[in-house]
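Peer 1: Any chance you can model this:
(3 chains)
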Amino acid sequence: MDLIDILLSASFWTAAIRIASPLIFATLGELICERAGVLNLGIEGIMVAGAFAGWMGAYSGLGLWGGVCVAMAVGMMFGLIHSLLTVPFGLSQHVVGLGVTLLATSMTYYAYRLALPEVTSPPKIDAFQPFEIPILSDLPLIGPALFSQTPLTYLAFVLVVVVWAVLYRTPLGLALRAAGENPAAVAAQGLSVTGIRMGAVIVGSGLMAVGGAFLTMSAFDSFFFEMVNGRGWICIALVVFGAWKPGKALLGAILFAAFDALQIRIQQTPLGADIPYQVFLMMPYFLSILALIVMSRRAEVPAALMVPFNKGER
Amino acid sequence: MRLEPIANPGVARSTLLPFAAISSTVVIASLLAMIAGANPFLVLGEILKGAAGSKFALLETLNRATPLIFTGLAVAVAFRAKLWNIGAEAQLYAGALITVVLGTGMLNWPAGLLLPAIAVVAMLAGAVVLLIPALLKVRFGVDEVVTTLLFNFIFLLFISMLLEGPLKDPMGMGWPKSARLIPEARLPRIFDGLRLHWGFALALIAAGVVWVIERRTTLGYEMRAVGLNREAAQFAGIPVNTVLIKTALLSGGLAALAGFSEASGLKGNLTLDLSPGFGYTGIIVAMLALLNPLAVVAAALFVAGIFVGADSMSRAVGVPTYLADIMLATALLLMVLAIMLTRFRIVRE
Amino acid sequence: MAKQDDVQKRAQVVLRLDRITKTFGALVANDAVSLSLHRGEVIALLGENGAGKTTLMNILFGQYTADSGTVEVFTQTIPPGNPRAALDAGVGMVHQHFTLADHMTVLENVTLGTHSLWKTNLDSVATRAKIVRLAEEFRLQVDPDAIVGTLTVGERQRVEILKALYRDARILILDEPTAVLTPQETDDLFETLREAVDLGLSIIFISHKLHEVMAISDRVLILRHGKMVAEERTSDTDKHKLAALMVGSEVHAPEVAPATPGPALMSLADVCTPDKGNAPGLKQVTLDLRAGQITGLAGVSGNGQAALADLIGGLIQPESGTLTLEDGAHPNWTAREAVHSGVGRIPEDRHKTGTIAEFDLTENAILESYKDAPFSRRGWMNWGRAEAFTREVIDTYDVRCPGPGTRIRLLSGGNMQKLILGRVLESEPRIILANQPVRGLDIGAVNYVHSRLLEARDKGAAVLLISEDLDEIMALSDVIHVISEGQLSPEFARGTMSPAELGVWMAGHGFEAEPAHAS
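Peer 2: Predicted coordinates:
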């Protein structure tokens, strides 16, 4: 198959958008945290926890949307732990983030073993099904790609707009961005830096968990260990690539997902058969590193990212 | 609330708080054991018994602690200079890779020559693996946390590729594993009949050497200065970037020794499950040790004990082994909190 | 103004602090401090660093809770510990270190925190209209859509004042507002303040510059060691009396004997350095630092002082032009090279660049010389020698501390600076870079540092004194240069220029090529 053929096929773009969806949720979540000044390395573990919680919620009869809510709540709980330690206590965001990832991952696996002690393969749920939006889904190429997706994908795209609008068009977003630029400015105006930052981390973590849940409830229909597989770390690179802006982060996620979808297809070509499959699997990680290198000089990092704020201190 | 620095924390404060952190960890583990329907005292007792209840258990703990001392030192050294090396896992595999490349017949040297040669080349390989993210950080300002994390995934895939390709054991019946090391490339046991190899002794020596470097050499002084205040170090004329590169080389080399020690001392070949996350666990070890190289040994023994103990507890009581991981993650978070609270008091405002 | 009016106006108390006490551990930061501010009045709050001015304001703004005492604004008691309460009651504060987000616009900075967080829009049109109106009314010209990071220091201060006015503040508190301004900008600020007073606002002016206090205030309150020690009507007092009250005793600044300048020990010829973000680099700077002479560098902060300090300290190299010492040019100019060539460097920020907080005194004392004998040999440290050296510095420079093993963060600013001074002077440098050497110190420590610098001068060192405090520059310097937008003025001998004349140069006028004010 020709490269052009691949790029012009609807199924390719459908796959790309599907692959991008969990990344969009989690990247938005990380972006919210970082815009408020907190690096959240708990993202990988929170996605694992979200993947399990959403799937388990649906499996236990709460329904698909019930499952999404459970995932969100679990993510927010880990966000609360993270933000408590990093914001009022000002602990190292690196160490706490990795600790939260370890905690969330191990608690998930523990819960999985307790919930399903004897199973060899995890049960399946009735996952979200593609919903074709009338008329729009009939458009060539972008119809199937954008308008024949599952509801969670639509939600991801809506969230990009919502997050953008909140960040740039509301007093809350203004305060959140200022907390990441100069927390002293926020405090001087009588607002609580602690409250804003903790809120951002909690909500952001909730979104990360929904990103994880997408994997078990929309992309697949079951939970496996290692299924998040570094996607959280990739999202951190995507935030940098997107220059901390929701729109650019969305573009980054889609671009990244397109490459991922492409490598899967190239693997199936005669050319791809000669190359070890591991090379293809490495590509997303290499791409992320490349994105970091390219963007490292240009991006405007929130000035107070990773700088703890202690009230009354100069 | 607000945090206020304490000028001179008392002995009570600086001992009780870490103790409280560990106690709370135990309490949380007990609660989780109860959720699993087990008697918490039984669970904790079994963990203790499994970790140190017999000669066999103790040796198992020492063996498990060996790679953790190396990765713990690697992380401690790097974190000391605020170089966030989360990639000890990749560096470990680099060391193991060199071990099987050189030690499966490529070099037919006597053990006295071969083992040191492998160790040195393994260290170089680990150093190079961390050198790339370190250079990216120094040259382009790319955050090394993400790059070292991503390199872990890349390197594991690379190993997987080799194990299914050029390094594949022809006698391996299709399993992705390397050929076995020749006897000269195996680290011998310290005592005849006891399952404890010289890797453990090497780990203890490494801890001592790192301590001497940190406290007694100009490099150690530079590393600490760069870690505590990069701007002041720069002003004083300390070559910050060079120090970071040197730190990366040392840290990567130490992590690689973990791979060498596991492959040569314990396993005798290379598989994809050589390390169940020793690189990541090294972070916990280093943090529990407050980055002190000598305390890394104690922390590694503690962490190894929990893992080994949890394995045997799980066989006996049926509570999932992941309890150990939860305990360690909890201990890590509570310990950094406790250490902070020994230096600051909370003031209500 | 008619006397009758005056009395009537004074009758209304807009702010009353009543017996405020606040302790931090053993330290009594505020000891039963009371003050009242009337409508249309300017009071000056005078005191040394550490006298308790900042703590008092933090209590007013709810950042701290007082142990006892009450705050009343417009006769309403303010609940303690609530940062919004004072703001909502109409008190606005202009902080010494601006609380602005540099990457955001003026409009965004002014709007921040003025709407309920849960409102769904920002109302930019109405906000912009109000900002423009206030800017006109109070003569605070500034573009609402400019990114704050691109503004000059003076403009940023206007934004800070606008922030307070936008919230309809009736009481303005200004913390050391003139520290970063040229004399002319200070005059503009005073104009704005008088405008505000005429419109019925009341002002608390926190400062330690006596002539400004005399110029702007109606009353002066003096804080010392946390206590309100005196209250004077400005018209009934003078600078000398205030200085004595502030310090608690008559102070004598060190006598400055005439200098006997020698040859140039360091010469810059047509040196340019690159800009660094908003901080300008040097533009064709030519400068001689002569032996036995203190060269003062005056200028508004952010005009190239950092570049010059970095250059002399070895942190950056000339992009073009030459840097020459007695022994010739130094093409490989680094911090270590500078130290080895006899440049002693007192950095601007002793907390961030001068010391490492978590290191003990010994480790800090050898920060620049750890690689040299006797402190290390072939990569091995000799801690015994390092500690002996530190003890010597502690004794010679009167560093008050429990011992060389103490972490330096536990020391007061003055003692920290004495250790740095010892570290620098013990190596008997030929050239001394003193960048803001007394910022934030109390008068005792200021005099100590100054007399040590004079002593070094008299022993033949070439001293470059960089300070934003024009008074300090004029008192100590044998010759003065003014720096503006990276350009250096000609050399002015001691006593040949008045502050106002220097101020013209500080504002960027008088240079051969007028600097481009665009950008």
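Peer 1: how distant is stretch C:408-415 from the center of its chain?
Peer 2: Relative to the mean C-alpha coordinate of its chain, stretch C:408-415 is positioned 18 Å out (Cα atoms, centre = their mean, to the nearest Å).
Peer 1: Check stretch C:393-411 too.
Peer 2: Relative to its chain's centre, stretch C:393-411 lies at 25 Å (Cα atoms, centre = their mean).
Peer 1: what is the rounded mean pLDDT of stretch B:18-29?
Peer 2: Confidence for stretch B:18-29, expressed as mean pLDDT, is 94.
Peer 1: wait, I meant stretch A:230-237
Peer 2: Per-residue pLDDT over stretch A:230-237 has a mean of 94.
Peer 1: now check it, is it near chain B?
Peer 2: Yes. Under the criterion of Cβ under 8 Å from any Cβ of the partner chain, stretch A:230-237 makes contact with chain B via A:G230, A:W233, A:I234, A:I236, A:A237. Glycine gets a C-beta too; all of them are placed from N, C-alpha and C.
Peer 1: and the helix or strand harbouring A:G99 with chain B, contact?
Peer 2: In the assignment (DSSP states H and E), A:G99 maps to helix A:93-115. Yes. Using Cβ under 8 Å from any Cβ, helix A:93-115 reaches chain B at A:94-96, A:98-100, A:102-103, A:105-107, A:109-110, A:113-114.
Peer 1: Please list only the buried members of those residues.
Peer 2: A:94-96, A:98-100, A:102-103, A:105-107, A:109-110, A:113 (16 or more other Cβ atoms under 10 Å in any protein chain shown).
Peer 1: same for the helix holding A:G99, what does it pack against?
Peer 2: With contacts defined as 3 or more Cβ pairs under 8 Å, 6 or more residues apart in numbering or on different chains; DSSP states H and E, helix A:93-115 has these neighbours: helix A:43-57, helix A:64-86, helix B:278-288, helix B:322-343.
Peer 1: again, only this time at 7 Å
Peer 2: Helix A:93-115 makes packing contacts with helix A:43-57, helix A:64-86, helix B:322-343 when contacts are defined by 3 or more Cβ pairs under 7 Å, 6 or more residues apart in numbering or on different chains; DSSP states H and E.
Peer 1: Which residues does it contact?
Peer 2: For helix A:93-115, the surrounding residues in contact (Cβ atoms under 7 Å, 6 or more residues apart in numbering or on different chains) are A:38-42, A:44-46, A:48-49, A:52, A:56, A:78, A:81-82, A:85-86, A:223, A:225, A:306, B:32, B:36, B:84, B:86, B:145, B:283, B:287, B:320, B:322-323, B:325-326, B:329-330, B:332-333, B:336.
Peer 1: now stretch B:43-50
Peer 2: Applying Cβ under 7 Å, 6+ apart, the set of residues contacting stretch B:43-50 from outside is B:26, B:30, B:33, B:57, B:306, B:308-313, B:316-317, B:319.
Peer 1: filter these to the buried ones?
Peer 2: By the neighbour-count criterion of 16+ other Cβ under 10 Å, the contacts of stretch B:43-50 include these buried positions: B:30, B:33, B:57, B:306, B:308-313, B:316-317, B:319.
Peer 1: Restrict the helix holding A:G99 to CA atoms and write it as PDB.
Peer 2: Taking only C-alpha atoms (Å, rounded to 0.1, in the frame of the first residue of the first chain), the coordinates of helix A:93-115 have been written out as PDB:
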ATOM      1  CA  GLN A  93       6.700  17.700  42.600                       C
ATOM      2  CA  HIS A  94       9.000  15.200  41.000                       C
ATOM      3  CA  VAL A  95       9.100  12.800  44.000                       C
ATOM      4  CA  VAL A  96       5.500  13.200  44.900                       C
ATOM      5  CA  GLY A  97       4.400  12.700  41.300                       C
ATOM      6  CA  LEU A  98       6.400   9.500  40.900                       C
ATOM      7  CA  GLY A  99       5.100   8.400  44.400                       C
ATOM      8  CA  VAL A 100       1.500   8.900  43.300                       C
ATOM      9  CA  THR A 101       2.100   6.900  40.100                       C
ATOM     10  CA  LEU A 102       3.500   4.100  42.100                       C
ATOM     11  CA  LEU A 103       0.700   4.300  44.600                       C
ATOM     12  CA  ALA A 104      -2.100   4.500  42.100                       C
ATOM     13  CA  THR A 105      -0.600   1.700  40.000                       C
ATOM     14  CA  SER A 106      -0.100  -0.700  42.900                       C
ATOM     15  CA  MET A 107      -3.500   0.100  44.500                       C
ATOM     16  CA  THR A 108      -5.100  -0.600  41.100                       C
ATOM     17  CA  TYR A 109      -3.300  -4.000  40.700                       C
ATOM     18  CA  TYR A 110      -4.200  -4.900  44.400                       C
ATOM     19  CA  ALA A 111      -7.800  -4.000  43.800                       C
ATOM     20  CA  TYR A 112      -7.800  -6.000  40.600                       C
ATOM     21  CA  ARG A 113      -6.500  -9.100  42.300                       C
ATOM     22  CA  LEU A 114      -9.000  -8.700  45.100                       C
ATOM     23  CA  ALA A 115     -11.900  -8.100  42.800                       C
END
